[in-house]
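>>> I need the structure of the sequence given here:
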Amino acid sequence: MIKLVMLVRRKQGMDVQAFRDHYENVHAPLAQSLFPSLRAYVRNYPESTLAGEAPAFDAITELWFDDEAGWQASIAVAQSEQGKLLQADEESFMDRATVTAMLVKEHISDITSL
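Model (predicted):
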């Protein structure tokens, strides 16, 4: 399994609810239609930090792929004409210059054995 995590900020001047509505009702369906190799697509919307401050990001997005082939297929789509549609949509609601994207290795603790 390959997992990509993205830290996303909303476009300046856009309110939080408009950002979330666009992400859920426009962008996510578009991404799902363009990337058939996606296994899971999760958007996490932080409410506050543990210190009670406003979070530094408006969404923590997870994209899951079964394998390297699925990941590579998504890269090919992202670099295609179809990918430009997704990028244009991102420009409409994300601060793309501040997006941080990283491949991660997930380690899950077996808490049942504790």
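>>> Distance check, residue 88 against residue 27.
Taking C-beta to C-beta, to the nearest Å as the measure, residue 88 falls 11 Å from residue 27. Yep, even glycine has a C-beta here, placed from its N, CA and C like the rest.
>>> Have a look at those two and say which one is more surrounded.
residue 27 (19 against 9; other C-beta atoms under 10 Å).
>>> Nearest residue to the more buried one in space, ignoring adjacent ones along the chain?
residue 89 (5.5 Å; C-beta to C-beta, 6 or more residues apart in numbering).
>>> Wasn't the one you found part of a helix?
Yes: counting by DSSP: H, G, I helix; E, B strand; the rest coil, residue 89 is part of a helix.
>>> Can you report how many residues neighbour residue 71?
Count around residue 71 with other C-beta under 10 Å applied: 19.
>>> Find the residue ranges of the protein scoring beneath the pLDDT cut-off.
114 (pLDDT under 70).
>>> so where do the helices sit in this protein?
Ranges of helices in the chain, per DSSP state H, are 16-22, 28-34, 68-78, 81-93.
>>> can I get these in TSV with distance to residue 102?
Output for these, formatted as TSV (distance: least, C-beta to C-beta, whole Å):
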stretch	distance to residue 102
helix 16-22	21
helix 28-34	18
helix 68-78	13
helix 81-93	17
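>>> residue contacts, residue 113?
With contact set as C-beta atoms under 8 Å, 6 or more residues apart in numbering, residue 113 has no partners.
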